[in-house]
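> Structure here, sequence nowhere to be found:
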């Protein structure tokens, strides 16, 4: 397997699906729709939808059955970015090398665009469930929807803790709690959703959840490292902001070297979990390494 | 039927149910939960949940089966108020005689509390559907959930149009579109949800939807009138704000007298629709009159 090619294929699938939901019809709220489309199509790694689809693919090949959840998940992620970037929260002007939503449009639009993306995510999946005729399919999708909803709840809680503790000392317990929720919850939800939709059994879901927890934490530690020493151009946003703002990150708490060591260890652990797995998990192994080695 | 007593009974039911969802457990995001509870329990007419329950009661007596949707609907309404009050949107300091969420807490908290209330609304209903064993119940609830989701979509669109046209001239067509969506959508959704959950047939839902459209529009016209000439103390928020801000309202567009006439006519029409209805619709008739005559 050529990982980069495979990854590119997945990104193309996700972008193609997302594009279908960008509303261009003329209507009184047209600018709101434009702002939602602007942030939704502003690039990004598409990690969460790819996790849904690639986990689904561990079990079944008809991956198009996971597309609606993949789209919904990326909408949720985009909603969270738009609101996090707002002046009252992180006050960021750039994201992925482009102006943030409230800078490109305005604050009122950004607040409502975030709200609407969150709601659209639900709307897409609920419509699909309501139309579905097969009772078993319906049950799996409802279960997956519950995981999505729970993940969002945890993500918002984590974001709140991040905001509340800006500029304050934070215990390592709280730092882990924050990360587990802020970034980890939706990554874990993505993997569980892929598995549930594909009809995986409890054992499989349990194993995959553990892998998910590891890469979720690793993803955030890597984010913290990049925020400190990343390349501004590649990253598409300013470097060093976290420290200036007194944000609690792994790097500001434990230092760069210890954070790098933690990252390496956690990725090793995640690979160990998934390696001995009886499914074809090559892509998920490579994805763990990609999370560790990425520059943006 | 003593309408005031009946109304009070419904309000007590709703407040009692809402209270069950106010989280008081100690946790890192405790203040976020407090702020959600603060706005959720800040009083209010509880019109939308009451519409769900009283419409359900037209068909069936086991109203507790509609409680989860009633709670979810009020959470959605509260989310929309918190975000509307934000400095970037309406910039209101008072709501129902109490400080608005961002004034009591802060802007970041208010944004995330709104997000979390919207998500909680979904979470409560989805968990209920996922746990439900009866396929028919599941199907009704999923259909009702779709109506909720669609209503929220329209509500956000209406709020956006309201924001976009502040201080600008607006056609009567756009003014109606704005109101139909901003206030009307969730009122209509509430009535449809009550009917769907109770197993009403298409004809019933159609008739009730028409009634809902009328009282939704009437509710907003009355809001516009109260915003201009209401009693600040009873209203719990400043009077005359809409005009100062150049907001498009029925009063600023058509004047007070014409708006009052429209309100009277629309309420008459709504009563005509529901009066010839074969169900016991006394409460809904009185509710229409209450919407017209309320002082807050």
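Noted; the coordinates are in hand. Keep in mind the model is a prediction, meaning the values are calculated, not measured. Numbers count the residues shown, from 1 in each chain, chains lettered A, B, ... in the order given.
> just so I have it, where are all the strands in the stretch 51-200 of chain A?
Using DSSP state E, counting those that start in this stretch, the strands found in the stretch 51-200 of chain A span residues A:94-95, A:98-99.
> Could you tell me how many residues sit around residue A:24?
When neighbours are counted by other CB atoms under 10 Å in any protein chain shown, residue A:24 registers 9. From N, CA and C alone the C-beta is placed, and that goes for glycine too.
> residues in contact with it?
A:33, A:37 (CB atoms under 8 Å, 6 or more residues apart in numbering or on different chains).
> Equivalent analysis for residue A:54, please.
A:10, A:194, A:283, A:284, A:287.
> is it true that the fourth one lies in a helix?
Yes - if the criterion is DSSP: H, G, I helix; E, B strand; the rest coil, then residue A:284 is within a helix.
> And the pLDDT for it?
Looking at residue A:284, its pLDDT reads 95.
> In contact with it, which residues?
Contact analysis of residue A:284 by CB under 8 Å, 6+ apart lists A:54, A:55, A:58, A:211, A:274.
> Same check on the third one?
Residue A:283 makes contact with A:1, A:3, A:6, A:54, A:57 under the criterion CB under 8 Å, 6+ apart.
> List buried members of the residues you listed by neighbour count.
Listed as buried from the contacts of residue A:283 are A:6, A:54, A:57; burial here means 16 or more other CB atoms under 10 Å in any protein chain shown.
> just to revisit the earlier point, ok, of the contacts of residue A:284, which come out buried?
Buried members of the contacts of residue A:284, scored by 16+ other CB under 10 Å, are A:54, A:55, A:58, A:211, A:274.
> Can you tell me the element the fourth one falls in?
Here residue A:211 is covered by helix A:202-229, with elements defined by DSSP states H and E.
> Against which helices or strands is the helix or strand just after that helix packed?
As assigned by DSSP H and E, the chain's next helix or strand after helix A:202-229 is helix A:232-235. Counting contacts by 3 or more CB pairs under 8 Å, 6 or more residues apart in numbering or on different chains; DSSP states H and E, helix A:232-235 packs against no other helix or strand.
> Buried residues, helix A:232-235. List them.
Burial within helix A:232-235, assessed by neighbour count using 16+ other CB under 10 Å, is assigned to residue A:235.
> How far away from the center of its chain is it?
Here the centre of helix A:232-235 is set off from its chain's centre by 19 Å, with CA atoms, centre = their mean, to the nearest Å.
> Give the rounded mean pLDDT of that helix.
For helix A:232-235, mean pLDDT is 74.
> How many neighbouring residues does the nearest residue to residue A:219 once chain neighbours are set aside have?
Among residues not flanking residue A:219 along the chain, residue A:291 sits closest, at 5.2 Å (CB to CB, 6 or more residues apart in numbering or on different chains). Residue A:291 has 24 neighbouring residues, counting by other CB under 10 Å.
> do residue A:203 as well
Neighbour tally, residue A:203, other CB under 10 Å: 8.
> Over to residue A:22?
Neighbour tally, residue A:22, other CB under 10 Å: 13.
> could you check the distance from the nearest residue to it once chain neighbours are set aside over to residue A:77?
Excluding the flanking residues, the one nearest residue A:22 by CB to CB, 6+ apart is residue A:37, at 3.9 Å. According to CB to CB, to the nearest Å, residue A:37 stands 15 Å off from residue A:77.
> Surely the residue nearest to residue A:22 is in contact with residue A:20?
No - in this structure, residue A:37 is not within contact of residue A:20 by CB atoms under 8 Å, at 11.3 Å.
> Who has more neighbours out of these two?
residue A:37 (18 against 8).
> What residues of the helix or strand hosting residue A:36 count as buried?
In this structure, residue A:36 sits in helix A:30-40 according to DSSP H and E. Residues A:31, A:32, A:33, A:34, A:35, A:36, A:37, A:38, A:39, A:40 are the ones in helix A:30-40 that count as buried (16+ other CB under 10 Å).
> out of these, which one sits closest to chain B?
residue A:32 (4.3 Å; CB to the nearest CB).
> ok, that closest one - contacts?
A:109, A:112, A:113, A:116, B:156, B:157, B:160, B:164.
> Out of these, flag the one nearest to residue B:94.
residue A:112 (22.0 Å; CB to CB).
> My guess is residue A:281 contacts residue A:273. True?
No - judged on CB under 8 Å, residue A:281 makes no contact with residue A:273 at a distance of 9.4 Å.
> Okay, and the residue nearest to residue A:74 when sequence neighbours are not counted sits in which element?
Once flanking residues are discounted, residue A:74 sits nearest to residue A:49: 4.8 Å by CB to CB, 6+ apart. Assigned by DSSP H and E, residue A:49 belongs to helix A:47-59.
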